[in-house]
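1. sequence below, structure please.
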Amino acid sequence: MQFFILEAEQPAKKLEYDLIIVGGGPAGQSAAIYGTRYMLDTLVVEKEAHGGSVNLTDFVENYPGFPDGIEASKLASLFYEHAKNLGAESVIAQVTKIQKVEEKKFLINTLDGLVFTAKSVVIATGTQPKRLGVPGETELTGRGVSYCAVCDGPFFKGKPVAVVGGGYSALTEALYLAKLVDKLYLIHRRDQFRAAEILGYRVRNHPKIELVLNSVVDEILGDDKVRGVKVRNKLTGEVKTLDVDAVFIYIGLKPNTDFLKGFVELDESGFIPTDRYMATNVPGVFAAGDVRVKKLRQIVTAVADGALAATSAYEYIHE
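-> Purely as a prediction, here's the structure:
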């Protein structure tokens with residue numbers, strides 16, 4: 001599978017905009033679609049690849065309008081093309097700082113030294129995977145330790161692997177990997193999954209998947225590459241080693257908000273609290289998608305957030 005990459009070789013046409021959206025995932029592109037429809041001069045600043053966390057999955061089967069599902073990369077490209085066709089601009093750059101210098105004027109600094117100005121800002125920077133924090137994880141990342149089954153799964157065709165986690169992402173990616181690998185151990189610290197019942201049913205009844213429940217990973221084993229994982233049963237204390245060539249980790253999400261500390265309010269986990277109109281505690285700054293405090297983090301809720309954030313930004317600019 002290939003990610004839909006923005007044209008990094010095309011710089012922003014100018015430095016001043018009505019609306020700047022930080023993040024080019026579903027929430028960001030939705031905000032761009034609505035922003036341009038409100039006739040706002042709109043720029044999307046994306047750090048890596050269009051699609052955000054959509055790029056970390058293979059197939060989307062719960063987005064309305066696609067009854068047979070759709071390839072994640074295709075959905076990402078449709079979001080981007082829609083915003084682009086309406087006139088939204090995009091640039092590849094990493095935002096390092098946002099400042100409010102006066103009413104309806106924000107400075108957006110980037111790693112490569114560019115400074116954009118905007119009358120309003122939508123933050124849609126999404127999240128990144130949490131780490132286990134066990135011995136071997138850091139040393140073997142990229143050598144069998146992965147946080148993206150779509151990216152790295154094909155390297156382990158016909159091999160034994162482990163997936164750690166019990167939520168939506170863990171089960172979805174376990175089912176994807178089971179199409180490729182010879183054997184899959186699903187390691188979860190509880191005996192119940194935190195995902196839709198249909199996913200739990202599929203995982204429990206898949207012939208290639210062995211459940212390792214009420215268990216945690218104590219260590220990832222290997223030298224130049226992953227060779228096994230040490231697992232401890234929380235109820236019995238029994239420790240055993242599973243011989244695997246890869247460990248895929250899905251234990252939660254960390255918001256991409258480090259660059260916002262001291263600028264907008266963050267909760268104890270780093271997510272952005274907003275009101276029902278997507279407004280942060282800083283007038284003129286709105287947040288959308290997985291980066292904000294919310295109950296459900298899905299593509300459909302992200303695009304809804306983006307639409308509402310852009311609408312609120314338009315109202316702020318023209319109040």
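2. contacts, neighbours, all on C-alpha from now
-> Will do.
3. what ranges of the protein fall below the confidence cut-off?
-> 1-12 (pLDDT under 70).
4. which residues in the protein form helices?
-> 26-37, 72-86, 149-152, 168-177, 197-204, 299-317 (DSSP state H).
5. and the residue most central in space within the chain, how far from residue 169?
-> Geometric centre of the chain, nearest residue: residue 53, 3.1 Å, by CA atoms, centre = their mean. From residue 53 across to residue 169, the span is 11 Å (CA to CA, to the nearest Å).
6. tell me who's in contact with the residue nearest to the centre of the chain.
-> The neighbourhood of residue 53, defined by CA atoms under 8 Å, 6 or more residues apart in numbering, consists of 25, 126, 127.
7. of those - the most surrounded one?
-> Neighbour counts for the contacts of residue 53 peak at residue 25, which has 30 neighbours (criterion: other CA atoms under 10 Å).
8. before we move on, back to that, which ones among the contacts of residue 53 lie within strands?
-> residue 127 (DSSP state E).
9. just send the contacts of residue 53 back as a markdown table, with distance to residue 275 too.
-> Shown next, in a markdown table, are these (distance: CA to CA, whole Å):
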| residue | distance to residue 275 |
| --- | --- |
| 25 | 21 |
| 126 | 18 |
| 127 | 20 |
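10. okay, and the beta partners of residue 20?
-> As for beta bridges, residue 20 partners with residue 43, residue 121 under DSSP bridges.
11. if we can go back for a sec, which one of the helices of the chain is the most hemmed in?
-> Highest mean neighbour count among the helices of the chain (mean count of other CA atoms under 10 Å): helix 26-37, with a mean of 29.
12. contact partners for the residue lying closest to residue 167 once chain neighbours are set aside?
-> Using CA to CA, 6 or more residues apart in numbering and skipping the chain neighbours, the partner closest in space to residue 167 is residue 194 (4.5 Å). By CA under 8 Å, 6+ apart, residue 194 lies in contact with 166, 167, 168.
13. and what of residue 166?
-> For residue 166, the contacting residues are 187, 188, 189, 190, 192, 193, 194, 195, 250, 251, by CA under 8 Å, 6+ apart.
14. so who does the second one touch?
-> What that stands for is residue 188. For residue 188, the contact set (CA under 8 Å, 6+ apart) comprises 164, 165, 166, 211, 212, 213, 214, 215, 216.
15. tally up the residues packed near the fourth one, please.
-> As a burial measure, residue 211 scores 17 neighbours (other CA under 10 Å).
16. which non-adjacent residue is nearest it?
-> residue 186 is the one closest to residue 211 (CA to CA, 6+ apart), at 5.0 Å.
17. okay, and the beta partners of that neighbour?
-> In this entry, residue 186 is beta-bridged to residue 163, residue 211, by DSSP bridges.
18. number of residues surrounding it?
-> By the criterion of other CA under 10 Å, residue 186 has 24 neighbours.
19. distance-wise, check it relative to residue 104.
-> The value you get for residue 186 to residue 104, if CA to CA is used, is 50 Å.
20. also residue 40?
-> As judged by CA to CA, residue 40 and residue 104 stand 14 Å apart.
21. residue 88 is in contact with residue 37, correct?
-> No. Residue 37 is beyond contact range of residue 88, at 9.5 Å (criterion: CA atoms under 8 Å).
22. dump the residue contacts of residue 219.
-> Shown in contact with residue 219 (CA under 8 Å, 6+ apart): 134, 135, 136, 137, 229, 230, 231.
23. from those residues, pick the one nearest residue 94.
-> Ranked by distance to residue 94 (CA to CA), those are led by residue 137 at 26.1 Å.
24. that closest one touches residue 220, doesn't it?
-> Yes. Residue 137 lies in contact with residue 220 (CA under 8 Å); the separation is 6.1 Å.
25. okay, these two: which has more neighbours?
-> Neighbours were counted for residue 137 and for residue 220 using other CA under 10 Å; residue 220 has more, 27 against 22.
26. show me what the more buried one is bridged to.
-> Beta-bridge pairing for residue 220 (DSSP bridges): residue 229.
27. next one: it from residue 164, what distance?
-> Counting by CA to CA, the gap from residue 220 to residue 164 is 12 Å.
28. roughly how far does the residue nearest to the centre of the chain sit from residue 152?
-> Noted for residue 53: a distance of 15 Å to residue 152, by CA to CA.
29. now residue 30
-> Counting by CA to CA, the separation of residue 30 from residue 152 is 29 Å.
30. cool, and residue 84?
-> As judged by CA to CA, residue 84 and residue 152 stand 30 Å apart.
31. residue 158 too?
-> In terms of CA to CA, residue 158 sits 13 Å off from residue 152.
32. and residue 254, by the same measure?
-> For residue 254, the distance to residue 152 equals 21 Å [CA to CA].
33. again, but for residue 72
-> Distance, residue 72 to residue 152, using CA to CA: 16 Å.
34. one more: residue 201?
-> Applying CA to CA to residue 201 and residue 152 gives a distance of 25 Å.
35. between the helices of the chain, which gets nearest to residue 118?
-> Residue 118 sits nearest to helix 299-317 of all the helices of the chain, at 10.0 Å, using CA to CA.
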